[in-house]
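> A predicted structure for the sequence below; I have some questions about it.
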Amino acid sequence: MTERLRWLLGLVVAEVTWCSLAVLTNSPYKGLAIPLGLGAAVLICLSPHVGIYLMASILIGQWPWNLTRNLGLLVVGSAVGWSIIHRRRLYRPNPILHLMILYFVLVVLSVVAPVTRVELLSQVAMYGGQVALVWLFVNFIDHRQRVWLVVRLIVLSGVITAALGLVQAKTHFVWIMGTTRYYLETDKQINADRSAMELQGWQGQFRVDSITGTPDFLPIYMQSIVPIVAFWAYRSRFWQRMLWLAVIALMGVAHILSYTRGVIFTTLLVVLVLGWLIDKRKLLIYGPFAGLAGFMALMSWPAWRERLLTIVALSANEAPGFVNTGTWRLRTMVVGWQMMWNRPLFGYGVGQHQWNWPASTIGDLMPNPKYAQPIPIHNAFLGVGMDLGVGGMLLLIATIAVAFLQLSRIARAFDSAGQRDLGDLSRALGVAILGMGASMMLYPMAGTFRYYPLYLALAASLWRIEHEGLYHDSR
């Protein structure tokens, strides 16, 4: 079986199984989900490398997490079985994998004596799935062609996600696993008279989220993919460059239509670092003018102008009983630091901090009638510190830092070995992971943002390729 055929098979099986499981979840035929998943597992037993593309595909977009998690466990379990039967190594030392395992150990330890137990095992399985994904990539991506096929899946997903975002801006469809769908269906008593526009709108504009689940995540998806495409555009000839620039423009429009203000600043960081890596001279000459033009364009857009002004005036447009999200972030961060230091060793339990806000502050933290239950703090580092203790926060910071530094180092090594395309990819992934780290200061995405473990897995596989000199195209 050729590698391209494996790629196509993995993509098709993922989408068919994925969509079928989602559709069957609430139908009388949901029992069919079991043979579908087992069929995918049998396929992985025959060719575990299909599992790489299958896992990459099911991480695209926001689908029912329990379904994708179970399918992922089947894939990894089948790959382990294949490795044992064929007497392949089950463990390959890797710095990123080591940090992920240590993080998972803290997750397990936090379960020993948690303060609350809301979906505790699901949270453990979620982080276990991240470790399994990195293990799968480290063990089975053993040449450059497999890396590039996964990257093509990522870019393809970005184009589809951005295009669907533009469709959503026109049709206002609500994604099946989006937060708006959750509010409409789960909190029916509170949101009985609220429309999708009221829940997902701003100043009369619908905030698109495409298939990412929330308008906050859509621009982070786009910001994570653009560095890869930017390096392709830089290295391409004229017409190919125009094509890749059009792709970047498409993602940029989807980004803007999400009306997500915080990611504007993290995207600016990504663009600056990316420009510095690609062409320092042009960045210094044209960067200030491009930045000023972009700022003026946003300020001339009424909805965006109001959106940005709420950052300056945190209490702007606050109605009685409603707290501006900027004010809410500041309040929760103060309380969050206090909570983390109250339980600094193992925290409140993985995914439990939102259920343990102090009773004295709950009225100040959760006054928004849109929410029927407490929501997590919008700072992933602090949230992890509250859940797992100070060690968890430090490990999360260390994982991002090590991934970025390792990618920077192996980029130079790839350049020296004449593998410029892999060097560019390493730099692009490093910039993307840096952008994710910056975004984590604004959103609770350490466990729920799908591209984070996927990019860590790619970084770990690139480390292996450089470390073992696996530059060939096939094996």
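Here it is on my side, so go on. Residues are numbered from 1 along each chain as shown.

> Only C-alpha atoms from now on, for both contacts and neighbour counts.
Noted.

> How confident was the prediction at the closest residue to Gly201 other than its chain neighbours?
Taking Cα to Cα, 6 or more residues apart in numbering, and ignoring the residues beside it in sequence, Gly201 has Arg207 as its nearest neighbour in space, at 5.3 Å. Listed pLDDT for Arg207 reads 87.

> With Leu365 instead?
At Leu365, pLDDT is 62.

> Now do the strands in the stretch 201-350 of the chain.
For the stretch 201-350 of the chain, the strands defined by DSSP state E, counting those that start in this stretch occupy 201-202, 205-206.

> Out of these, which one sits most buried?
Comparing the strands of the stretch 201-350 of the chain by mean neighbour count (mean count of other Cα atoms under 10 Å), strand 205-206 ranks first with a mean of 20.

> That one pairs with which strands, and in what direction?
Take DSSP bridges as the rule and strand 205-206 pairs in its sheet with strand 201-202 (antiparallel).

> How far does the partner strand sit from its chain's centre?
23 Å (Cα atoms, centre = their mean, to the nearest Å).

> same thing with stretch 83-100?
24 Å.

> Stretch 247-255 now?
17 Å.

> Throw the strands of the stretch 201-350 of the chain into CSV and include distance to His255, thanks.
Converted to CSV, those look like this (distance: least, Cα to Cα, whole Å):
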stretch, distance to His255
strand 201-202, 15
strand 205-206, 13
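
> among those strands, which is nearest Met440?
Met440 lies closest, by Cα to Cα, to one member of the strands of the stretch 201-350 of the chain: strand 201-202, at 22.8 Å.

> re the thing from before, quick one: closest of the strands of the stretch 201-350 of the chain to Ser110.
Nearest of the strands of the stretch 201-350 of the chain (Cα to Cα): strand 201-202, 37.4 Å.

> What are the contacting residues of the closest one?
The contact list for strand 201-202 (Cα atoms under 8 Å, 6 or more residues apart in numbering) reads 207, 259, 303.

> Mean confidence (pLDDT) on that strand, please.
On average, strand 201-202 scores 73.

> how far away is Trp232 from Gly287?
20 Å (Cα to Cα, to the nearest Å).

> who's more crowded, the two?
Taking neighbours as other Cα atoms under 10 Å, Trp232 and Gly287 compare with Trp232 leading, 19 against 16.

> Nearest to Leu166, out of the strands of the stretch 201-350 of the chain?
Once the strands of the stretch 201-350 of the chain are compared by Cα to Cα, strand 205-206 is nearest, at 11.0 Å.

> Other residues contacting that closest one?
169, 172, 197, 200, 257-258, 303.

> Now list the buried members of those.
169, 172, 197, 200, 257-258 (16 or more other Cα atoms under 10 Å).

> want to try TSV for the residues you listed, with distance to Pro219 as columns?
TSV is the format used below for those (distance: Cα to Cα, whole Å):
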residue	distance to Pro219
Ala169	14
His172	17
Met197	19
Gln200	15
Leu257	9
Ser258	7
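
> Need the max-distance pair from the residues you listed.
Checking the buried ones among the contacts of strand 205-206 with Cα to Cα, the most distant pair is Met197 and Leu257, at 13.8 Å.

> wait, which of the buried ones among the contacts of strand 205-206 is closest to His86?
Minimum distance to His86 across those is 47.9 Å, recorded for Ser258 (Cα to Cα).

> quick one: contacts for that closest one?
So Ser258 contacts 206-209, 215-216, 218-219 (Cα under 8 Å, 6+ apart).

> repeat for Gly128
Contacts of Gly128 (Cα under 8 Å, 6+ apart): Phe104.

> remind me which residues of the stretch 101-250 of the chain are low pLDDT?
176-178, 180-199 (pLDDT under 70).

> how about 90 then?
Across the stretch 101-250 of the chain, the ranges flagged by pLDDT under 90 are 110-133, 135-137, 139-146, 149-150, 153, 157, 168-217.

> Could you pull out the helices in it for me?
120-140, 144-171, 179-186, 188-191, 196-200, 218-235, 238-257 (DSSP state H, counting those that start in this stretch).

> Now distance to Met100 too, for these, in TSV please.
Formatted as TSV, the helices of the stretch 101-250 of the chain follow (distance: least, Cα to Cα, whole Å):
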stretch	distance to Met100
helix 120-140	6
helix 144-171	20
helix 179-186	28
helix 188-191	38
helix 196-200	34
helix 218-235	20
helix 238-257	30
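
> which of these sits most buried?
Stretch with highest mean neighbour count among the helices of the stretch 101-250 of the chain: helix 218-235 (a mean of 23; mean count of other Cα under 10 Å).

> That helix - contacts with which helices or strands?
With contacts defined as 3 or more Cα pairs under 8 Å, 6 or more residues apart in numbering; DSSP states H and E, the packing partners of helix 218-235 are helix 144-171, helix 238-257, helix 262-278, helix 420-439.
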